[in-house]
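Chemist: The amino acid sequence is not available; the structure is as follows:
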Ligand SMILES: [Zn+2]
């Protein structure tokens, strides 16, 4: 990881209230993959609809390593 890299993170609770899952990745694409895998396992979501994807993308936060 370089000093200038920015991590992207998401808390599932932003989309599914009460869920404690959090994911961090270096790219949005990678993060969405992790969220999709979690959603399938934990929430029975087998299809990432455009509506759901929009919610997830809105919940993504950029985090700068200190
Ligand atoms: Zn969840």
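Modeler: Everything's here; your move. Everything quoted here is computed from the prediction, not taken from an experiment.

Chemist: Not counting the longest helix along the chain itself, show me its contacts.
Modeler: Counting residues, the longest helix in the chain under DSSP state H turns out to be helix 28-43. By C-beta atoms under 8 Å, 6 or more residues apart in numbering, the list of residues contacting helix 28-43 from outside reads 8-10, 12, 16, 19, 21, 23-25, 45-46, 48, 52-53, 56-57, 60. Yep, even glycine has a C-beta here, placed from its N, CA and C like the rest.

Chemist: Out of those, which are close to the ion?
Modeler: Taking C-beta under 5 Å from the ion as the test, the ion is in contact with 12, 16, 19, 21 out of the contacts of helix 28-43.

Chemist: Assign the most centrally placed residue in the chain to helix, strand or coil.
Modeler: For the chain, the residue nearest the mean C-alpha position is residue 10 (4.1 Å; C-alpha atoms, centre = their mean). Secondary structure, DSSP: H, G, I helix; E, B strand; the rest coil: residue 10 is strand.

Chemist: so who does it touch?
Modeler: 22-23, 31, 35, 56, 59-61.

Chemist: now swap in residue 20 and tell me
Modeler: 12-13.

Chemist: okay, it: pLDDT?
Modeler: With respect to pLDDT, residue 20 scores 97.

Chemist: So what's the residue count around residue 46?
Modeler: By the criterion of other C-beta atoms under 10 Å, residue 46 has 8 neighbours.
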